[in-house]
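Student: Dropping a prediction and its sequence here:
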Amino acid sequence: MTPLHGARRDVGRSMRAAATTACALALLGAGVAAAQAGATWTQFQGGPGKTGAVSGGPEPGFRQAWRTPIAPGGPDARFGLSAPVIAGDIAIAVGPEQVFGLEVSTGEQAFSVPRDLGPPVAAAIADVAAGPLVVYTEGWGDGPPDAPAVAGEPATEELSPSAEPASDAGDGPATSYLAAFDLATQERAWKPVALDAVSRTGVTVDGDRAFVGANGGIVTAVDLTDGTVAWTATLEAPLGTSIAVVDAQVLVSLQGDDDSSPVIVSLDAASGEERWRYEPAVASAVVSAASSDGERVFAIFTGLSETTVVALDAIDGAERWSTRVNAAFDVIAPPIVSSEAIVVVDPIGHVRALDPASGEQRWDFALNSTTVGSVPAVVGSFLLVPTLDGELGAIATDTGELVWRSPADGAPIRAMAVAPDRLIVVRARGLNGVEAYEHDPGVTLVSEASPTTLSIGAMLGSMALALVAVLTVAGLLGRLLGARMGTAIVGDVGDDDPNDEPIRDPWEDGDEDPPS
């Protein structure tokens, strides 16, 4: 398929400051016309709770079903796609200047809707009385960073924590907007809503409201029926990760600065008033995006001395448990919340599964592959972990064993979305675009323990095999040397042989006693 290109747009709007170390996603997908029923992954990490887990989808191993190249866009063609989302038979990804819709079954383009140049962050699908909407942000104020986050690789704002923060907006016109179009017709649903600063959080939809964060810690709630602003909360701290919404509360991760520490803040979804705020006892530098199962809120705090995964009471923010881990974490990825465990993956691909009730580690697996900017997901009974090398690993969530792994091809798998029979992924670096994987019935799954797992039985078995091998080789060498050197006595020596000399005991010396 011919690569899809977007026309460049010069947006000269100014922005407010946001000194955040991460950028987040909140994507959605939607189906054209009546493809809404059975949607499984309608926003970043599947739903408003950002759990990153679904009960159904294709099982490993996988094979490629299709691939659709989409060239990087924006200034100097430096920016790639956001995470994809799924609704019905359409997968949606946001580029810097366009919103793309692709058919899940074939990868054919369903639509391409222009947007004002802006960070390519996730959209969301909303069901309103008039029909399903695709809700997304646009606008980039003074423009994107001057240089890509990684040399030679298209930048993807929501997946590039090293990208420069936006510059100060000051007074003047809005720099960013929340927009929406009808999924079936791609026509504007209402006039774009002006935001107070550039948004990098993506959109989270819960019921008939959309929630979006902006630089400087500004959270805005918008009524999806008519595009009116329900409330705005100014939290005055860097905000760049996805927002979670559960049980009528909005969960926001705010990064720290020179004068403050990172915190988790809960806002009332109806009014925007603050319900509670959590700051860890140990000094931290950054906090991940939050996720929630409705009862608890999960996040990862990373500091100079230690990193902790925390579970907070969703009602009052009280700490339920805190588990220390020996690694830093990518702030864009919230903890994965499955029915069996809370799963976190560090930047070198070390997976840890924690007990949801106690935080105790159940198992771990070391993939030993870089996973920065690549967000994992749980599909059914398997954790799928994409990497910057283009690998995709599948780990059984009950045993912690690797069951399948694709070979690396050097092109990062940035993000995933799950449809009933397809896994939709966004690729970068040489394979820019969208790919779909399906279950390959010809693949035989394996059962591989983590390199970090000590198995006494297997170790002793290996040692026994090694010992047998050593003894066998020693025996063969002994026979070989014996054959070459001959026997110690060639034949019997007759009694009359003058050279006959009785064999003496080494202690014997004539009639004298042996030496003492």
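Tutor: Done, it's in. Predicted model only: the values in this text are computed from it and were never measured.
Student: just checking, what packs against the helix or strand harbouring A180?
Tutor: If you go by DSSP states H and E, A180 is part of strand 176-182. With contacts taken as 3 or more CB pairs under 8 Å, 6 or more residues apart in numbering; DSSP states H and E, strand 176-182 sits against strand 131-138, strand 193-195, strand 209-214. (C-beta placed from N, C-alpha, C; glycine too.)
Student: which other residues reach the helix or strand following the last one?
Tutor: In other words, strand 209-214. Counting by DSSP H and E, the next helix or strand C-terminal to strand 209-214 is strand 218-223. Residues outside strand 218-223 that contact it (CB atoms under 8 Å, 6 or more residues apart in numbering): 16, 178, 193, 195-197, 208-214, 228-235, 239, 243, 250, 252, 267, 269, 272.
Student: tell me the mean pLDDT for strand 218-223?
Tutor: Per-region confidence: strand 218-223 scores 98 on mean pLDDT.
Student: So which bits of the one helix or strand T308 maps to are buried?
Tutor: If you go by DSSP H and E, T308 is part of strand 307-313. Burial within strand 307-313, assessed by neighbour count using 16 or more other CB atoms under 10 Å, is assigned to T307, T308, V309, V310, A311, L312.
Student: can you put those in CSV and add distance to T106 and pLDDT?
Tutor: Formatted as CSV, the buried residues of strand 307-313 follow (distance: CB to CB, whole Å; pLDDT from 0 to 100):
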residue, distance to T106, pLDDT
T307, 43, 93
T308, 45, 96
V309, 40, 97
V310, 43, 97
A311, 42, 98
L312, 43, 98
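Student: In those residues, find the pair that's most separated.
Tutor: Comparing every pair within those by CB to CB identifies T307 and L312 as the most remote, at 16.3 Å.
Student: tell me the contacts of A285?
Tutor: Contacts of A285 (CB under 8 Å, 6+ apart): T21, G256, P262, T302, G303, L304.
Student: What does it show for phi and psi?
Tutor: Phi and psi for A285, reported as degrees, to the nearest 10, are phi -100, psi -40.
Student: Next one, pLDDT for it please.
Tutor: So A285 comes in at 91 (pLDDT).
Student: so how far is A179 from it?
Tutor: 34 Å (CB to CB, to the nearest Å).
Student: again with W41
Tutor: 21 Å.
Student: which one of those two has more residues nearby?
Tutor: W41 (29 against 26; other CB atoms under 10 Å).
Student: So the more buried one sits against A417, correct?
Tutor: Yes - if you go by CB atoms under 8 Å, W41 and A417 touch, sitting 4.3 Å apart.
Student: so R275 is in which element?
Tutor: Using DSSP H and E, R275 falls in strand 274-278.
Student: any weak-confidence spans in this structure?
Tutor: 1-39, 147-174, 453-516 (pLDDT under 70).
Student: For it, which segments count as helices?
Tutor: 456-485 (DSSP state H).
Student: Could you tell me the angle between the strand holding R275 and strand 307-313?
Tutor: When axes from the mean of the first three to the mean of the last three CA atoms, to 10 degrees is applied, the directions of strand 274-278 and strand 307-313 differ by 150 degrees.
Student: let's have the chain start at 135 instead
Tutor: Will do, 135 is the new start, and the previous item becomes strand 408-412.
Student: same for strand 408-412, what does it pack against?
Tutor: With 3+ CB pairs under 8 Å, 6+ apart as the test, strand 408-412 has strand 397-402 packed against it.
Student: what about D450, how many neighbours?
Tutor: 10.
Student: ok, and the closest non-adjacent residue to it?
Tutor: W410 (5.6 Å; CB to CB, 6 or more residues apart in numbering).
Student: ditto for L557
Tutor: Per CB to CB, 6+ apart, closest to L557 is Y571, 4.4 Å.
Student: how close does that neighbour sit to V559?
Tutor: On the measure of CB to CB, Y571 and V559 end up 7 Å apart.
Student: Give me the spatial nearest neighbour of D250, chain neighbours excluded.
Tutor: E272 (4.1 Å).
Student: Pretty sure that neighbour sits against G252.
Tutor: Yes - in this structure, E272 is within contact of G252 by CB under 8 Å, at 4.4 Å.
Student: Give me the common contacts of these two.
Tutor: S310.
Student: hang on, the earlier thing: please enumerate the shared neighbours of Y571 and V559.
Tutor: Contacts common to Y571 and V559, judged by CB under 8 Å, 6+ apart, are L526.
Student: Please identify which of the two sits among more neighbours.
Tutor: Taking neighbours as other CB under 10 Å, Y571 and V559 compare with V559 leading, 28 against 23.
Student: and the residue lying closest to S425 once chain neighbours are set aside, how many neighbours?
Tutor: Distances taken as CB to CB, 6+ apart place P468 nearest to S425, at 3.8 Å, with adjacent residues excluded. Neighbourhood size, P468 [other CB under 10 Å]: 29.
Student: contacting residues for P468?
Tutor: Q179, K184, G186, T375, S376, A378, S422, A423, A424, S425, F432, A433.
Student: The residue nearest the centre of the chain and Y270: what is the separation?
Tutor: Central residue of the chain (CA atoms, centre = their mean): V509, 1.4 Å from the mean position. According to CB to CB, V509 and Y270 sit 18 Å apart.
Student: cool, T362 as well?
Tutor: T362 is 18 Å from Y270, by CB to CB.
Student: and what of F234?
Tutor: F234 is 11 Å from Y270, by CB to CB.
Student: R197 now?
Tutor: 31 Å.
Student: More neighbours: these two, which one.
Tutor: Y270 (31 against 13).
Student: I'd guessed the more buried one sits against T335; true?
Tutor: No - using CB under 8 Å, Y270 makes no contact with T335, being 11.7 Å away.
Student: Give me the common contacts of these two.
Tutor: V255.
Student: Count the residues that sit near L438.
Tutor: Counted with other CB under 10 Å, L438 comes out at 10.
Student: residue contacts, Y270?
Tutor: By CB under 8 Å, 6+ apart, the neighbours of Y270 are V228, V233, R249, V255, A256, A257, A258, L312, A313, A314, V337.
Student: Make a ChimeraX selection of the buried ones in these.
Tutor: The ChimeraX selection below is limited to those of these classed as buried (16+ other CB under 10 Å):
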select :228,233,249,255,256,257,258,312,313,314,337
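Student: got CSV for the contacts of Y270, with distance to A475 too?
Tutor: Shown next, in CSV, are the contacts of Y270 (distance: CB to CB, whole Å):
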residue, distance to A475
V228, 31
V233, 35
R249, 38
V255, 28
A256, 25
A257, 29
A258, 27
L312, 35
A313, 38
A314, 36
V337, 28
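Student: ok, so of the contacts of Y270, who is nearest A528?
Tutor: For those, the nearest to A528 is A256 (23.7 Å; CB to CB).
Student: my read: the closest one touches V233, true?
Tutor: No - contact criterion CB under 8 Å: A256 and V233 do not qualify, at 10.7 Å.
Student: Can you list phi and psi of the residue nearest to P209 when sequence neighbours are not counted for me?
Tutor: Nearest residue to P209, sequence neighbours excluded (CB to CB, 6+ apart): P278, at 6.1 Å. Backbone torsions for P278, taken as degrees, to the nearest 10, come to phi -80, psi 170.
Student: Please tell me how far P278 sits from S246.
Tutor: In terms of CB to CB, P278 sits 20 Å off from S246.
Student: more crowded one of the two?
Tutor: Using other CB under 10 Å, the more surrounded residue of P278 and S246 is P278, with 25 against 17.
Student: pretty sure that one contacts P253?
Tutor: Yes - between P278 and P253 there is a contact at 7.4 Å, judged by CB under 8 Å.
Student: what sits against Q495?
Tutor: T457, R486, A487, L488, D489.
Student: list the buried ones in stretch 469-476?
Tutor: P469, I470, V471, S472, E474, A475, I476.
Student: and what of stretch 534-542?
Tutor: Here stretch 534-542 shows G534, E535, L536, V537, W538, R539, S540 as buried, counting by 16+ other CB under 10 Å.
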